[in-house]
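Colleague: Turn this into a structure:
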Amino acid sequence: WYLSWSGRYVSTAIISCLHPLSYHSFLLYRLYPVILLLLSWWCIYFLLGTILPSSNKIFRWAYSGVLHVNFLSILPSMVEGFYWFPAAFIYMLANIFTILFIAFIIRYERNKKANTLIFGVIFAILSLGSNEINLLVVNAIIACWIAISWINKTKQWFPRLVSFGLIIFFSCLSLFSPGNMNRANEIKSVSENINFNLGEAISLCFQQNFSNLFEWSFLSPLCVVGILSLFFINDFQQKITYE
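Modeller: Next up is the predicted model:
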């Protein structure tokens with residue numbers, strides 16, 4: 001697959017090895033969406049635990065459940081997000097990897113433990129190899145992390161630079177794969193009138209994402225309020241404890 005069709009080295013490997021039709025099992029096909037739904041809820045819970053380490057576990061499960069239900073309510077297509085096997089393991093699983101990557105990077109900034117950073121980089125690599133959208137997201141996050149570390153004059157640069165180098169390497173491994181080149185050549189052979197403009201592509205990407213965020217804020221105001229309330233939860237919990 002990597003040589004002939006796509007550079008998505010993680011998602012294509014998972015689909016090739018775990019596709020339920022390969023095992024002639026309709027039970028697996030029904031089971032995978034349930035596993036993904038539970039994993040997506042758990043990873044939000046894990047991220048909340050990272051942001052609010054002193055919060056109550058029951059509170060985190062309930063709060064992450066509210067955010068998860070709201071996320072599902074604004075998902076453009078539940079079928080393609082969870083039930084269509086290729087899309088679910090190309091995109092939804094990549095989102096889970098990305099959230100775990102963010103959580104471990106935040107944890108590393110707190111505890112400075114090498115194994116925390118290693119887990120963060122592993123989940124980043126898994127996300128990079130799943131699809132090109134998450135690849136861009138992970139690279140944007142790691143670039144912001146490096147920039148913030150530089151602004152704050154962080155001393156421990158070696159682990160950050162190694163992480164950055166690994167992410168760049170695996171990004172190139174995905175983007176410049178023979179499979180991607182073959183697909184591009186096939187598209188060119190079908191239509192010679194396709195002209196690619198990088199500036200226009202980036203501009204459209206930002207426009208579309210801001211448009212989606214604007215629409216989603218009205219589709220699910222509870223989700224927006226829930227996310228914003230994270231900034232005030234510590235004060236709220238302290239007030240309850242004091243009273």
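
Colleague: ok, now which ones touch residue 2?
Modeller: 9, 12, 177, 178, 179 (Cβ atoms under 8 Å, 6 or more residues apart in numbering). Just so you know, the C-beta spots here come from the backbone N, C-alpha and C atoms, and that holds for glycine as well.

Colleague: Skipping its backbone neighbours, what lies nearest residue 86 in space?
Modeller: Using Cβ to Cβ, 6 or more residues apart in numbering and skipping the chain neighbours, the partner closest in space to residue 86 is residue 15 (5.8 Å).

Colleague: give me the element the one you found is part of.
Modeller: Using DSSP states H and E, the element containing residue 15 is helix 11-18.

Colleague: Kindly report the same for residue 212.
Modeller: Per DSSP H and E: helix 198-219 holds residue 212.

Colleague: Check which element follows the helix holding residue 15 along the chain.
Modeller: Counting by DSSP H and E, what follows helix 11-18 is helix 26-51.

Colleague: Just the buried positions in that next one, please.
Modeller: Under the neighbour-count criterion of 16 or more other Cβ atoms under 10 Å, helix 26-51 has 28, 32-33, 36-37, 39-50 buried.

Colleague: I'd like the distance from it to the chain centre, please.
Modeller: Mean-position distance between helix 26-51 and its chain equals 13 Å (Cα atoms, centre = their mean, to the nearest Å).

Colleague: what's the helix or strand just after that helix packed up against?
Modeller: Once the chain leaves helix 26-51, the next helix or strand it forms, by DSSP H and E, is helix 57-74. Packing contacts for helix 57-74, counted by 3 or more Cβ pairs under 8 Å, 6 or more residues apart in numbering; DSSP states H and E, involve helix 26-51, helix 198-219, helix 221-228.

Colleague: so can I have CSV of these showing distance to residue 143?
Modeller: Output for the helices and strands packed on helix 57-74, formatted as CSV (distance: least, Cβ to Cβ, whole Å):
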stretch, distance to residue 143
helix 26-51, 20
helix 198-219, 14
helix 221-228, 23
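
Colleague: right, and these - which one's nearest residue 163?
Modeller: With Cβ to Cβ as the measure, helix 26-51 is the member of those nearest residue 163 (17.3 Å).

Colleague: now that closest one against helix 57-74, angle please.
Modeller: Put simply, helix 26-51 runs at 120 degrees to helix 57-74, going by axes from the mean of the first three to the mean of the last three Cα atoms, to 10 degrees.

Colleague: Could you pull up the mean pLDDT of helix 26-51?
Modeller: The average pLDDT for helix 26-51 rounds to 92.
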